[in-house]
Structure formats: structure tokens, C-alpha cells
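>>> Compute the structure for the input listed below.
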Amino acid sequence: MEILLLISALLAYVALVVVTSMQPRRSGLSTFELARLKDAEKTVRVDIAREQYFADVVAWLRVVAGLLLVIFVLTLVAALGWVLGVLLAVIGVLEYVALARAPFVQAKSQKLYDKCEPKLLQFAKNYGARLAFLRGVTAGGDLGRNTELTSREELLHLVQKSHGVLTQEEKRRIESGLEFSGTRVADVMTPRTVIDLIHKDELLGPLTLDELHKTGRSRFPVIAEDIDHVVGVLHLRDVVSLQNKKSAKVSAAMKTPVYYIKDTQSLQHALAAFLKTHHLLFVVVNEYRETVGVITLEDVLEALLGRKIMDEFDAHEDLRAVAARNPKGNNQPNKHHDV
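Okay, here's the model as predicted:
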């Protein structure tokens, strides 16, 4: 009988060390990121379950460790008597935490925990609410929680919620900088419907120049046939250097080559391209090489700084809003239907 009790005490002690050594997994993502990615792939769903039932798992492990400790002490005392049993029990109680922290024990215990984790999480999902009273044995909450930022979206969320910490101007600049690399050319370009064009064979007479000035623009795409055949860019300042302005054609003053950029490209790519080419206007095309808009270095810098750069040529503050109003009446005959 005494041998059976000693074996029971030894097994309880080993189990106590193993359970104490186990460290329940927590997600490497913050609460904000878990909420944002809750419908994502399976690994994120596992992280969500780990975070949701962390307090339950910790509580259960501590309860089990407490029961094992009681079993160890009682069986040891019953097997060896009060004097020797209590002495060895005290030594065991003082040393089991140190044993649980041994690297070898931690490695083996963690492997065992990882194998059991899916069943523990499933058990917590099914019975966690009924055993919620056991959470009182653990601090719960954000104990050991990862507080590092894990995404640009999370940092943007914190900036937006930083009431009284940052001024509106500081918020705007930070938000613009964070959103810059994720913004596409199509999001800031001047849309096709409000581009002011000029034909390459048009004469640069007073009437033409007056019309160009009235647009409030300083650069104009030059076309050969239609808007899908841009052959150059005319800058009003280049007209001044012409010898005979009355008989000169647009083709004599326009600049080439023409630079094209896809509407799906990022503003980060566009800014790098502007710096590399030393050009100030790109024609934006879609996957079929059709012109869908134009973008300037000024547009990109405005997106980066989060503020409008107004110069003497700007007649409108938001050309995308102008395009939405359809001032040229594109595709709006007297009889028409949108389907």
C-alpha cells in the first residue's frame, strides 16, 4: 500500500511540474488586428480562439496544478508519515516551480500542450461559460498581452483615436503618410471626363491661348486623333519661347516623350517615377491602354502631405468632385437611361 501511495505521489508531482511548465499560447496580433482579420484564414481564427479563451485555459491549468499539489502532499504524508512525509512535501513544494522552469522540461511540456491545445480550445468553446467562475484564480485581462503595433491599419486607428494627444494638423499629416503607399493612382488622378485637351495641329493663336488660360490649367495633353492617342504635353510657359506664335502649331511647342502609368499603380510607385523621369505629368491608362486620366507630381505630393497645394493656375480645389458633377454633359442626350 505504501509503495502504491509513493508511486501516486511521484506521478502527481511529475504531472504538477509538467502542468506548471505549460504556457498557454497567445496571439502575436493585437486586439484591433484580431477584430480586423476575424474573417481571414484559419491561422487567424486560431489566434482569435486563443485570445478569447486565454483566461479560461490559464485558470484550468492552475486549478489542475493546485489539485495535483494537494494529491502529492496527501499521498506523500499517507505513505511516509507526518514527519518524513511533511518534510519531503515541503521540499517538493519549494522546488517544483524551479523544476518547471528548466529548459528541457519547458520544451517537452510545451510540445504536450501544443498537441492538447485544439481540444482545450474546443472544450473552452463548449463549456467555458459554465466554468467561468474558475477565472477568479487568474489575473486574466491583458496579462502578458502583446502591446506592439502589428500593422499600418492599427497605427492609423490609434492616431484617429488620439483625442487631445495630437492636433488635427498632426493627425492629418500622419494619416496621409500612412495611407500614401496604399493609395492607387486612380484614387487621385484627374479623371478623363474633365481633362482639357488640345490637338497637335491646332494653331496657337490668341483665341486658343485665351481658351487655354480660362481652363485654369498650366499643362495640357496633346492628342493626334482622340483622347486615347496622346502624343505630347503642352506647357503654357513653353509657348512664350516660340518665335511666331500666330502661325505656330501645338506640335511645335509640345514636349515629348509622353509618360504613361497604369491606374492600378501605387502613389509610391508614381512618386518614384516622377523623380526618376523629372517629368511633371503622366497620362494614366487602364489595362487596355485607354486613357482614363492624368496625374501630376502636385497630385502625388498633395496626397502625401494631406493638404491641397493651390497655385495661380488652379481653378478648382477638387477635380474629382467636378468630374462627378459631369460639367461637360458626357453621355447625357435628351433621351437616355442608366441601367
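>>> Might you list the low-confidence residue ranges for the stretch 101-250 of the chain?
Counting by pLDDT under 70, the ranges of the stretch 101-250 of the chain that qualify are 135-156, 158-159, 162-166, 243-247.
>>> need the helices for it, in chain order.
103-127, 152-160, 168-180, 185-188, 206-214, 236-239, 250-253 (DSSP state H, counting those that start in this stretch).
>>> can you list contacts of stretch 71-88?
For stretch 71-88, contacts defined as Cβ atoms under 8 Å, 6 or more residues apart in numbering pick out Glu2, Leu5, Leu6, Ser8, Ala9, Ala12, Tyr13, Leu16, Ala89, Gly92, Val93. Every residue, glycine included, has its C-beta placed from N, CA and C.
>>> buried stuff in the lengthiest helix in the chain?
Taking DSSP state H as the criterion, the chain has its longest helix at helix 54-80. Neighbour counts using 16 or more other Cβ atoms under 10 Å place 54-61, 65, 68-69, 71-80 of helix 54-80 among the buried residues.
>>> relative to helix 103-127, how tilted is it?
Computed with axes from the mean of the first three to the mean of the last three Cα atoms, to 10 degrees, the direction of helix 54-80 lies at 120 degrees from that of helix 103-127.
>>> Excluding chain neighbours, give the residue nearest to Ser8 in space.
Leaving aside its chain neighbours, Ser8 sits nearest to Thr75 (4.7 Å; criterion: Cβ to Cβ, 6 or more residues apart in numbering).
>>> pretty sure Ala15 contacts Leu68?
Yes - in this structure, Ala15 sits in contact with Leu68. The criterion is Cβ atoms under 8 Å, and the distance is 5.2 Å.
>>> Please parse the chain into its domains.
2-137, 151-180, 185-325 (automatic domain parsing).
>>> chain center to the longest one, what's the gap?
Chain-centre distance of domain 185-325: 32 Å, with Cα atoms, centre = their mean, to the nearest Å.
>>> Does Ser21 touch Ala98 like I think?
No - between Ser21 and Ala98 no contact is recorded; they are 10.8 Å apart, counting by Cβ under 8 Å.
>>> of those two, who's got more company?
Relative neighbour count places Ser21 above the other of Ser21 and Ala98, with 24 against 10, counting by other Cβ atoms under 10 Å.
>>> where's the more buried one relative to Ala100, distance?
Relative to Ala100, Ser21 is positioned 4 Å away (criterion: Cβ to Cβ, to the nearest Å).
>>> What's the first helix or strand after the longest helix of the chain?
helix 82-100 (DSSP states H and E).
>>> List the residues that contact Glu202.
Contacts here follow Cβ under 8 Å, 6+ apart; on that basis Glu202 touches Thr208, Lys249, Val250.
>>> Mutual contacts of Ser21 and Ala100, please.
Counting by Cβ under 8 Å, 6+ apart, the residues touching both Ser21 and Ala100 are Gln106, Ser109.
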